[in-house]
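1. Pasted the sequence and its predicted model underneath.
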Amino acid sequence: MNIDINTFALVLGIFYAIQFVIFLIEYYYNKNYNGLGWWLIYAASAFFGFICLISRQIKPIEQLAVFGQNMAFIFSSFFMYIGLMRFLGKRERLSLIAIIFVLFLIPFSYFLFYKDLIQIRTIIIWSTVGLIAVLSAYDLQKYKTKSLEIATNICITVFVAHAFFSLSKVFFLLTGSVINAFDSQVLVNTSTYIELLIVSLFWTYTIILLINHRLTAEMKLAKDHFEIIFNTTPDPTVISGVKDGYISSVNPKFKEVTGYSSEEALGKTVFDLNLWNILQERKAFVSLVQTQGYCFDYEAEFRLKDKSIMMGLISSRIITLNNESHMISVIRDITERKKREEEIVLQNAELQMLNNEKDKFFSIIAHDLKNPFNAFLGLTEVMADEIPNLPLSEVILLAGRMRDSARNLYGLLENLLSWSMIKRGMTSFHPENLALLPEINESIMTFLDPANKKHISLLINVEGDMLVYADKNMVRSMIRNLVSNAIKFTPDGGSVTISAEVHPDNFIQISIKDTGIGISKEMQELLFKIDSSTSRSGTNGELSCGLGLHLCKEFATSHNGKIWVESLNGEGSTFFITLPSATQVEYT
């Protein structure tokens, strides 16, 4: 069966159309690769050449169709070469291309428009095509890479074969073969279309092969890079199923931090290893990852192999492995950081407390200490200016007031001095076995006169053989401050009772109970807070700054004891202190 040239041309044109579609699809999915756009232009140029080939049968435009067909044919060869160089990351030889094109264009145009000789035009065309094929094969050999070696070698072979055929055709035309028309049934013409079809087929195959080999090489490179990063990440990293938590990969740091080796972890789930200390945290975390596709710096508790708890920040992203959703998760150990943060919070609280104590100290100096001194100075000025004119009874009254004012000033200064020494770490602490009753009797001697003036009964309900293991000066200071407050806030005719009882935990509980004005619940919550002001005047206008209670708290804490108050507004108050009994083991 004979197939004419037009049939070959039609088959070639259909193939060029299919080739264009294939390159268009490759360009759509791999447009980030250099060169694919040039190959797409190559296919479009080749198909345009086929359109021009068909148009040659239209006599009025025959010369233009011939010119367009051969220009498209030559340009498609150039575009193929440029695409290959760009795909390999190299620059094409533009100057050489320009020279080849000029050497082709001038004689070809002459023998088309001025002297129509198809034989010479064909020699010019195939000499140019052969030269471009030689240039393409040479540069491919020069710039081929190891990862693309197989595909590049196939491409080089196709170009060499194409160059050989092109130059062979030139040789035959120079040695006697004659072409009278582009569709003449001669061997040279028939073989041309067959060779173009075969070469185009191989070019399509090699280009697809080049792209696939590059994709494979890049995937391998990406996999190698991923494994390097995965295995050298300084934080535990794990790949696990989103739903079932099945562990498919862990890095070396995972063992170092969690204690589980890869052999122990692989094939298990995060539930088998009990990695999440709180399962609800994992559920919430996975929900975030599924919603967003990722989640960064989620704080959670993790249980290690040795059962200890690690605070961690986990960051995850959804990836697909074997068509299933997995999470690649990086866990950063922040246990030490959390400890430091807690320490900083405590230090800030301590600094705030120290700052509040400083403010309290200056407030006492500026206000609570200033007012008694002003009162004392006022009394001395009255005595200095008016004593010659005052009766003896008035002088005695003024002297009594001065004594009371001096006593208050002394108590305040004593408390300020004690508090200052505590805050500077200068307070000595020497616990010893003490008989409690004599210490109480000694402590209240100072307050017998103020109590008598207000007709307040001082009652002591303490057994004589009761012993405490405590610092003498601190015990006396606590008793003095609490009894002093009880007298201040108890109206005339009331009573103050000091009691003590032994508790089963080897502590002795001392209570100072008064029948005074009581303390509201709101004020009770502020009594032992240094940054709160609870000072108020006594029932007879006695001054109070609230510093004594803070001293009592400091001294009680030094003994591992406690201090608290029970009171109802208008019904009196009872302050309690616990001190270790003498039977306790001595502590430091």
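-> Sure, I can see it.

2. so how far is the helix or strand harbouring residue 86 from its chain's centroid?
-> According to DSSP states H and E, residue 86 maps onto helix 62-87. In this view, helix 62-87 has its centroid 56 Å away from the chain centroid, taken as C-alpha atoms, centre = their mean, to the nearest Å.

3. which stretches of the stretch 351-500 of the chain form helices?
-> For the stretch 351-500 of the chain, the helices defined by DSSP state H, counting those that start in this stretch cover 370-386, 392-423, 436-444, 448-453, 472-488.

4. Residues touching stretch 144-159, excluding its own?
-> Under the criterion C-beta atoms under 8 Å, 6 or more residues apart in numbering, residues 84, 88, 133-134, 136-137, 140-141, 199, 202-203, 205-206, 209-210, 212-214, 217 lie in contact with stretch 144-159. For every residue, glycine as well, the C-beta is placed using N, CA and C.

5. roughly how far out does it sit from the chain middle?
-> 47 Å.

6. before we move on, what about stretch 280-298?
-> 14 Å.

7. And stretch 200-216, by the same measure?
-> For stretch 200-216, the distance to the chain centre is 44 Å (C-alpha atoms, centre = their mean).

8. I would like the residues contacting that stretch, please.
-> 12, 15-16, 19, 22-23, 26, 30, 33, 36, 39, 46, 80, 87, 147-148, 150-152, 154-155, 158.

9. Just the buried residues of it, please?
-> 200, 202-204, 206-207, 209-211, 213-214 (16 or more other C-beta atoms under 10 Å).

10. pLDDT averaged over that stretch - what is it?
-> The average pLDDT within stretch 200-216 is 86.

11. One more: stretch 304-312?
-> On average, stretch 304-312 scores 91.

12. In that stretch, which residues are buried?
-> Going by neighbour count (16+ other C-beta under 10 Å), the buried part of stretch 304-312 is 304-305, 310-312.

13. Quick one: the strands in the stretch 451-588 of the chain, in order.
-> 457-461, 467-471, 495-502, 507-514, 563-567, 573-580 (DSSP state E, counting those that start in this stretch).

14. in the fifth one, what counts as buried?
-> For strand 563-567, the neighbour count (16+ other C-beta under 10 Å) marks 563, 565, 567 as buried.

15. Return the subset of the buried residues of stretch 200-216 lying in helices.
-> 200, 202-204, 206-207, 209-211, 213-214 (DSSP state H).

16. got the contact list for residue 93?
-> So residue 93 contacts 135, 139 (C-beta under 8 Å, 6+ apart).

17. show me the contacts for residue 79.
-> Residue 79 makes contact with 38-39, 41-42, 45, according to C-beta under 8 Å, 6+ apart.

18. can you tell me which residues contact the closest residue in space to it that isn't next to it in sequence?
-> Spatially, and ignoring its direct neighbours in sequence, residue 79 is nearest to residue 42 (3.8 Å; C-beta to C-beta, 6 or more residues apart in numbering). Taking C-beta under 8 Å, 6+ apart, we find residue 42 in contact with 23, 76, 79-80, 83.
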